[in-house]
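K.L.:
need coordinates for the below:
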Amino acid sequence: MSVVNNVSRRVLLHSKNLVLSTRCVSSSTNLKEVLEQKVPETQADVKEFRKQHGSKVVGEVQVDMMYGGMRGIKGLVTETSVLDPDEGIRFRGYTIPECQEKLPKAPGGAEPLPEGLFWLLVTGDIPTEDQVKALSNEWAKRAAIPSHVVQMLNNFPTTLHPMSQFSAAIVALNSESKFAEAYSKGVHKSKYWEFAYEDGMNLIAKLPTVAATIYRNLYREGSSVCPINTDLDWSANFSAMLGYDDKDFVDLLRLYLFLHSDHEGGNVSAHATHLIGSALSDPYLSFAGGMNGLAGPLHGLANQEVLVWISKLRETLGGDVSDDQLKEFIWNTLQSGQVVPGFGHAVLRKTDPRYVAQREFALKHMPEDPLFKLTSQLYKVVPDILLKQGKAKNPWPNVDAHSGVILWHYGLTEMNYYTVMFGVSRALGTMASLIWDRALGFPLERPKSMSTEGLKKLVGAS
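P.N.:
Numbers count the residues shown, from 1 in each chain. Next up is the predicted model:
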């Protein structure tokens, strides 16, 4: 085993031990109190680790990595989740099925509550039902948005994309920033995490209200958003504000918000939020930047593109499609220079576990849905074609292959809105990470860039 691999293994073992060390479970239902215990312990652990191993080499950077979007470069520390190419995502060490089993559920619900995942992402601990209930209640109490944000949303033209409205509203919420206020007063940097926590909690609490207001304005003739019910969980309140009361849809929303929450630190929305936050921009401004990245077709907009492509497929081939017809359509798609949306992933080299979780939900609740059946047929046909084509490193479906299809089944057919729901979810992971970025004192992020001429000289090519 090489020196680089040995060092990488030691770093991974340290990360595993760090996760385990944070699992001294507290019975307190106040998340901030739990953090106040964990932050000093983790700060000391990281400080000692850097003192002992700060000069060790973790990996090598190749020229292709620099030109290829920094793929594979180990250059970030993100405690909340780790994405393994072959295994998939782990949230603080737990797989998706383990989280589905261990995290608390709402009474009568079958899917984990996103509040429980947020507690896990922040603390490393599986929360109790009382802790999750307390978090639901706290978010409900923080959910109101200021009148100037409501007025701004109501004045937006209906032609403005939902994600543009969402991002603008988040920037406007910066007026409520406790972090910005504390920084302007000269608070000591050791206290930064406390105000990042307050902003993160407020932001997560308010996003469903913002998102529901956008939805009502665009698709429900500006009808009023119903009041927050402090007896309901975060997802149930979001569903009610959207105008959906089907209990299966509420459980789907819990699953959706759970699955889209975090995908380690290198994806565009997570990295952008972290990067902007490193300039000590407050969590509202940081998250708004992440949402502008999420709006791109190579990131959060992909679930919409999958549904558009499947709809085009059905229009072209009709209702009942044979495997041979499907294969011909896919080959034509590829030969025209397009991709098959919903398949492949920048990191994963297997079927996305998030896809599997959604597929299991669909098999349970909507097995005869025509779009779901077509999605299942694509799952059977597409990977072999992509392997034969020889260009895809990962021919398997990702999370976007299913999410839009399931939302469509329950009547939420406004595809432009899907990425807003993704954004509500992504706040969980990015805010958990941002709290720890400030707690661990991460500095301004400023990697060194090089010119092509400089690289040529470095490798002896000129």
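K.L.:
where does the prediction get shaky in the stretch 1-150 of the chain?
P.N.:
1-24 (pLDDT under 70).
K.L.:
helices of that one, residue ranges please.
P.N.:
Here the stretch 1-150 of the chain has its helices, by DSSP state H, counting those that start in this stretch, at 3-21, 31-53, 63-67, 96-102, 114-123, 129-141, 147-155.
K.L.:
which of those sits most buried?
P.N.:
Ranked by mean neighbour count under mean count of other Cβ atoms under 10 Å, these are led by helix 114-123, which reaches a mean of 27. All C-beta spots, glycine's among them, are computed from the backbone N, C-alpha and C.
K.L.:
helices or strands up against the top helix by length along the chain?
P.N.:
As assigned by DSSP state H, the longest helix anywhere in the chain is helix 192-219. Using 3 or more Cβ pairs under 8 Å, 6 or more residues apart in numbering; DSSP states H and E, the elements in contact with helix 192-219 are helix 31-53, helix 129-141, helix 147-155, helix 162-172, helix 178-184, helix 234-242, helix 283-294, helix 418-439.
K.L.:
ok, which stretches of the stretch 351-462 of the chain are helices?
P.N.:
According to DSSP H, counting those that start in this stretch, the helices that the stretch 351-462 of the chain contains are 353-365, 370-389, 400-409, 418-439, 452-458.
K.L.:
and the helices of the stretch 1-150 of the chain as TSV, adding distance to Leu444?
P.N.:
Formatted as TSV, these follow (distance: least, Cβ to Cβ, whole Å):
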stretch	distance to Leu444
helix 3-21	23
helix 31-53	17
helix 63-67	21
helix 96-102	33
helix 114-123	23
helix 129-141	31
helix 147-155	29
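K.L.:
between those, which gets nearest to Ala168?
P.N.:
Minimum separation from Ala168 across those (Cβ to Cβ) falls at helix 147-155, 7.1 Å.
K.L.:
can you pull out the residues in contact with that closest one?
P.N.:
Here helix 147-155 makes contact (Cβ atoms under 8 Å, 6 or more residues apart in numbering) with 165, 168-169, 172-173, 175, 210, 213-214, 217, 222.
K.L.:
tell me what angle that helix forms with helix 162-172.
P.N.:
Orientation check (axes from the mean of the first three to the mean of the last three Cα atoms, to 10 degrees): helix 147-155 against helix 162-172 gives 160 degrees.
K.L.:
and the angle for helix 147-155 with helix 192-219?
P.N.:
30 degrees.
K.L.:
just to revisit the earlier point, which of the contacts of helix 147-155 are buried?
P.N.:
Among those, those classed as buried by 16 or more other Cβ atoms under 10 Å are 165, 168-169, 172-173, 210, 213-214, 217.
K.L.:
and the two most separated of the residues you listed?
P.N.:
Leu173 and Asn217 (17.0 Å).
K.L.:
so Leu334 makes contact with Gly390?
P.N.:
No: the pair Leu334 / Gly390 is not scored as a contact, 10.8 Å apart, by Cβ atoms under 8 Å.
K.L.:
give me the more crowded residue out of those two.
P.N.:
The residue with more neighbours, out of Leu334 and Gly390, is Leu334; 18 against 6, by other Cβ atoms under 10 Å.
K.L.:
how about that one, what does it touch?
P.N.:
Leu334 neighbours (Cβ under 8 Å, 6+ apart): 340, 385, 389.
K.L.:
repeat that for 7 Å
P.N.:
Listed by Cβ atoms under 7 Å, 6 or more residues apart in numbering, the contact set of Leu334 reads 340, 389.
K.L.:
with adjacent residues omitted, what lies nearest to Ser224?
P.N.:
Distances taken as Cβ to Cβ, 6 or more residues apart in numbering put Arg216 closest to Ser224, at 7.2 Å, once the chain neighbours are dropped.
K.L.:
swap that for Lys32, please
P.N.:
Tyr197 (6.1 Å).
K.L.:
who touches that neighbour in this structure?
P.N.:
The contact partners of Tyr197, taken as Cβ under 7 Å, 6+ apart, are 32, 35, 435.
K.L.:
out of those, who's nearest Gly108?
P.N.:
Checking the contacts of Tyr197 against Gly108 by Cβ to Cβ gives Lys32 as the nearest, at 29.6 Å.
K.L.:
any idea how far Thr209 is from that closest one?
P.N.:
Per Cβ to Cβ, to the nearest Å, Lys32 is found 22 Å from Thr209.
K.L.:
give the buried residues for stretch 423-440.
P.N.:
For stretch 423-440, burial by neighbour count (16+ other Cβ under 10 Å) applies to 423-440.
K.L.:
domain boundaries for this protein, per the record?
P.N.:
With automatic domain parsing as the criterion, the domains of the chain are listed as 3-127, 137-281+424-439, 302-409.
K.L.:
tell me which of those domains sits most buried.
P.N.:
Taking mean count of other Cβ under 10 Å, domain 137-281+424-439 is the most buried of those, at a mean of 20.
K.L.:
any idea how far apart the tips of it sit?
P.N.:
25 Å (Cα to Cα, to the nearest Å).
K.L.:
now do that domain: distance to the chain's middle.
P.N.:
Averaged C-alpha coordinates place domain 137-281+424-439 at 13 Å from its chain's average position (Cα atoms, centre = their mean, to the nearest Å).
K.L.:
on that earlier part again, and the contacts of helix 147-155, which two are furthest apart?
P.N.:
Ser175 and Gly222 (23.4 Å).
K.L.:
and the longest helix of the chain with helix 129-141, angle?
P.N.:
Using the same axes, to 10 degrees: helix 192-219 against helix 129-141 is 60 degrees.
K.L.:
could I get the average pLDDT for helix 192-219?
P.N.:
Averaged over helix 192-219, pLDDT sits at 98.
K.L.:
and the angle from it to helix 31-53?
P.N.:
Using the same axes, to 10 degrees: helix 192-219 against helix 31-53 is 120 degrees.
K.L.:
use 47 as the first number from now on
P.N.:
That works, and once the first residue is 47, the last one we named lands at helix 238-265.
K.L.:
on that earlier part again, nearest to Ala226, out of the helices of the stretch 397-508 of the chain?
P.N.:
Evaluated with Cβ to Cβ, these place helix 464-485 nearest to Ala226, the distance being 12.9 Å.
K.L.:
the nearest residue to Ser508 once chain neighbours are set aside: how many residues sit nearby?
P.N.:
Counting by Cβ to Cβ, 6+ apart, Ser508 lies nearest to Lys502, which is 4.0 Å off, once chain neighbours are set aside. Residues lying near Lys502 (other Cβ under 10 Å) number 13.
K.L.:
what's the answer for the one 3 residues further on, then?
P.N.:
A count of neighbours around Val505, defined by other Cβ under 10 Å, yields 9.
K.L.:
of the helices of the stretch 47-196 of the chain, which approaches Leu453 most closely?
P.N.:
Across those, Leu453 has its closest neighbour in helix 160-169 (16.3 Å, Cβ to Cβ).
K.L.:
show residues contacting that closest one.
P.N.:
Contacts of helix 160-169 (Cβ under 7 Å, 6+ apart): 68, 77, 80-81, 84, 126, 137-138, 145, 149-150, 171-173, 177-178, 181-182, 279-281, 300, 303-304, 307-308, 474-475, 478, 481.
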